[in-house]
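Peer 1: Sequence first, then the predicted structure, then my questions.
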Amino acid sequence: MARSTTGRPTDLELELLKVLWERGPSTVREVLAAMSDLREIGYTTVLKVLQIMRDKGLVQCDKRKRPQVYRSRQSRQVVLKQLAGDLLERAFGGSTRQLLLHALETRQKCPPEELAELRKLLDEIEGSAS
């Protein structure tokens, strides 16, 4: 599996990415305001984490504007796909079966619409393998 050029986000970095995905390009103050509903966090912490994320390639920053505006470099779907692939390889040795079994065992009740979506995806994969 090819490695991404971006670093894997920490839990806090993932929270900040979620804010950027929902709000779109944002200043540190805007991210801080959105985060304050979720947790107690300071301005300098948000700024420092965004700078680390910039260095890791997770976000980009327009330095020509003041205040600086940060945006995610990748869509939510791309990042989540990378995280799932990484988890699949590191924790389950590449076994999709084991990953799905553990995920389904963890949730006591899977909504019918999610099960239908999983069945459809499995049917598509099975059809393309033939």
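Peer 2: Sure thing, it's come through. Numbering: from 1, shown residues only.
Peer 1: Name the helix or strand for residue 7, please.
Peer 2: Assignment of secondary structure by DSSP states H and E places residue 7 within no helix or strand.
Peer 1: Verify the stated contact: it with residue 57.
Peer 2: Yes. Using Cβ atoms under 8 Å, residue 7 is in contact with residue 57, at 6.5 Å. No exception for glycine: its C-beta is placed from N, CA and C like everyone else's.
Peer 1: any idea where the strands of this protein begin and end?
Peer 2: Ranges of strands in the chain, per DSSP state E, are 59-62, 69-72.
Peer 1: can you tell me which of those comes nearest to residue 41?
Peer 2: Proximity to residue 41 (Cβ to Cβ) singles out strand 69-72 among the strands of the chain, at 15.1 Å.
Peer 1: ok, residue 90 to residue 45 distance?
Peer 2: Distance, residue 90 to residue 45, by Cβ to Cβ, to the nearest Å: 28 Å.
Peer 1: between those two, which one's more packed in?
Peer 2: Between residue 90 and residue 45, counted using other Cβ atoms under 10 Å, residue 45 has the larger neighbour count: 14 against 10.
Peer 1: Show me this structure divided up by domain.
Peer 2: According to automatic domain parsing, the chain comprises the domains 11-72, 95-130.
Peer 1: Please identify the deepest-packed of these.
Peer 2: domain 11-72 (a mean of 16; mean count of other Cβ atoms under 10 Å).
Peer 1: Now do the end-to-end distance for it.
Peer 2: 15 Å (Cα to Cα, to the nearest Å).
Peer 1: next one: it to chain centre, how far?
Peer 2: 14 Å (Cα atoms, centre = their mean, to the nearest Å).
Peer 1: looking only at pLDDT, what's the mean for that domain?
Peer 2: Averaging pLDDT along domain 11-72 yields 94.
Peer 1: i'd like the first residue to be 138 from this point on
Peer 2: Noted, 138 is the first residue going forward, which turns the last one into domain 148-209.
Peer 1: right, and residue 195 touches residue 209 too?
Peer 2: Yes. When contacts are counted by Cβ under 8 Å, residue 195 is listed as touching residue 209 (7.1 Å).
Peer 1: mind putting the domains of the chain in JSON lines, distance to residue 220 included?
Peer 2: JSON lines is the format used below for those (distance: least, Cβ to Cβ, whole Å):
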{"stretch": "domain 148-209", "distance to residue 220": "8"}
{"stretch": "domain 232-267", "distance to residue 220": "12"}
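Peer 1: No further questions, thank you.
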